[in-house]
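Asks: kindly return the folded structure for what I paste below:
(one chain, ligands or ions: 2)
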Amino acid sequence: MDYPGNLFVVAAPSGAGKSSLVKALMELDSRVQPTVSHTTRPPRGQEKHGREYFFASVQEFDAMVLGDAFVEWAHVHGQRYGTSKKMIEDRMAQGADVVLEIDYQGALQIKKMYANAVLIFILPPSWEELRSRLERRGEDSPEIIELRLQNAAVEMAQAQEFDFVIINEVFDRALFDLKAVVHAQRLKYHVQRRARPDTFQALKMA
Ligand SMILES: Nc1ncnc2c1ncn2[C@@H]1O[C@H](COP(=O)(O)OP(=O)(O)OP(=O)(O)O)[C@@H](O)[C@H]1O
Ligand SMILES: Nc1nc2c(ncn2[C@@H]2O[C@H](COP(=O)(O)O)[C@@H](O)[C@H]2O)c(=O)[nH]1
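Replies: Residues are numbered from 1 along each chain as shown. Ligands and ions are numbered 1, 2, ... in the order given. Modelled structure (predicted):
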């Protein structure tokens, strides 16, 4: 499926900092629009239904799966998460650059459907730092943190399937890298859409 805007998919092990990076990117760049996923996990902290997630019961989520309502969905950390077709189609209809913050399983499903999607994987600088970020965030129980760290090994092994890998050690540097990927993708499609046929010919010969 082709899409005239850009579609960015950002995945990372829990605690690597993807939500923080995507939030900072959106504060700087209003052309980038998020989607809001559905999940069966309970809200944490100040999360609000419809803002961070649409919180659903297992029954509600499974009914949506049966109704083919998701463009992608996966089991992550013992819960279900998915991006609804309605959400992604609404965003695309606005012509926005859409950013999905989802796990690697969902990212690979999206790449199959949208070949132009740009897959970005965020890595923490070390295991110690990943653990300490999850602990400092203070929103998950010790058991949940252990589960997320165990799953991180499986998730990080998928990084090579992604188009770009960004190490989030110094936050501003990682944000710079993320902005650079977004900018490069825009330039690529700007050239493809705007270049005249003779320019394309010259590009092919170069
Ligand atoms: N470069 C960084 N240096 C230090 N702390 C960071 C950095 N990036 C993010 N953090 C902090 O690490 C914690 C985890 O970040 P964040 O919630 O963005 O992770 P995440 O990858 O989105 O996790 P999840 O998938 O569980 O939502 C937060 O407290 C955030 O403020
Ligand atoms: N495949 C999908 N994964 C998703 C989606 N929304 C979020 N996620 C991923 O789940 C984990 C845990 O998130 P948390 O908010 O509970 O910390 C994280 O990797 C998210 O990226 C989705 O719609 N589909």
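
Asks: residue contacts, A152?
Replies: Neighbour list for A152: 13-15, 127, 130 [criterion: Cβ atoms under 8 Å, 6 or more residues apart in numbering]. No exception for glycine: its C-beta is placed from N, CA and C like everyone else's.

Asks: got the buried residues for the helix or strand harbouring it?
Replies: Element membership for A152 (DSSP states H and E) is helix 142-156. Buried residues in helix 142-156, counting neighbours by 16 or more other Cβ atoms under 10 Å, are found at 144-145, 148-149, 151-152, 155-156.

Asks: swap in stretch 119-138?
Replies: Of the residues in stretch 119-138, those buried under the neighbour-count criterion (16+ other Cβ under 10 Å) are 119-124, 129-131, 133-134, 137.

Asks: out of those residues, which are inside helices?
Replies: When DSSP state H defines the helices, the subset of the buried residues of stretch 119-138 inside them is 129-131, 133-134, 137.

Asks: now render those residues as a markdown table, adding pLDDT and distance to F70.
Replies: As requested, those are exported to a markdown table (pLDDT from 0 to 100; distance: Cβ to Cβ, whole Å):
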| residue | pLDDT | distance to F70 |
| --- | --- | --- |
| E129 | 97 | 33 |
| L130 | 98 | 28 |
| R131 | 97 | 31 |
| R133 | 97 | 29 |
| L134 | 97 | 27 |
| R137 | 94 | 27 |
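
Asks: can you redo the residues you listed as JSON lines with distance to ligand 1?
Replies: What follows is those, written out as JSON lines (distance: Cβ to the nearest ligand atom, whole Å):
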{"residue": "E129", "distance to ligand 1": "7"}
{"residue": "L130", "distance to ligand 1": "9"}
{"residue": "R131", "distance to ligand 1": "11"}
{"residue": "R133", "distance to ligand 1": "4"}
{"residue": "L134", "distance to ligand 1": "7"}
{"residue": "R137", "distance to ligand 1": "4"}
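
Asks: just the residues you listed now: which is nearest A56?
Replies: Closest to A56 out of these is R137 (23.5 Å), distances taken as Cβ to Cβ.

Asks: the buried residues of helix 142-156 also near ligand 1: which ones?
Replies: Within the set of the buried residues of helix 142-156, contact with ligand 1 (Cβ under 6 Å from any ligand atom) is found for no member.

Asks: show me the two of these that sit farthest apart.
Replies: Longest distance between any two of the buried residues of helix 142-156 is 18.3 Å, between I144 and M156; criterion Cβ to Cβ.

Asks: where in the chain is pLDDT low?
Replies: Low-confidence segments of the chain, defined by pLDDT under 70, span residues 1-4, 190-195, 200, 203-206.

Asks: give me the residues contacting the longest helix belonging to the chain.
Replies: Of all the segments assigned as helix in the chain under DSSP H, the longest by residue count is helix 171-194. Residues outside helix 171-194 that contact it (Cβ under 8 Å, 6+ apart) are 6, 8, 10, 17, 20-22, 24-25, 28-29, 32, 97, 118, 120, 122, 164, 166-168, 203.

Asks: ok, now with 10 Å
Replies: Residues from elsewhere that reach helix 171-194 (Cβ atoms under 10 Å, 6 or more residues apart in numbering): 4-8, 10, 16-18, 20-22, 24-25, 27-29, 31-32, 97, 99, 116, 118, 120, 122-123, 125, 163-168, 170, 199-200, 203.
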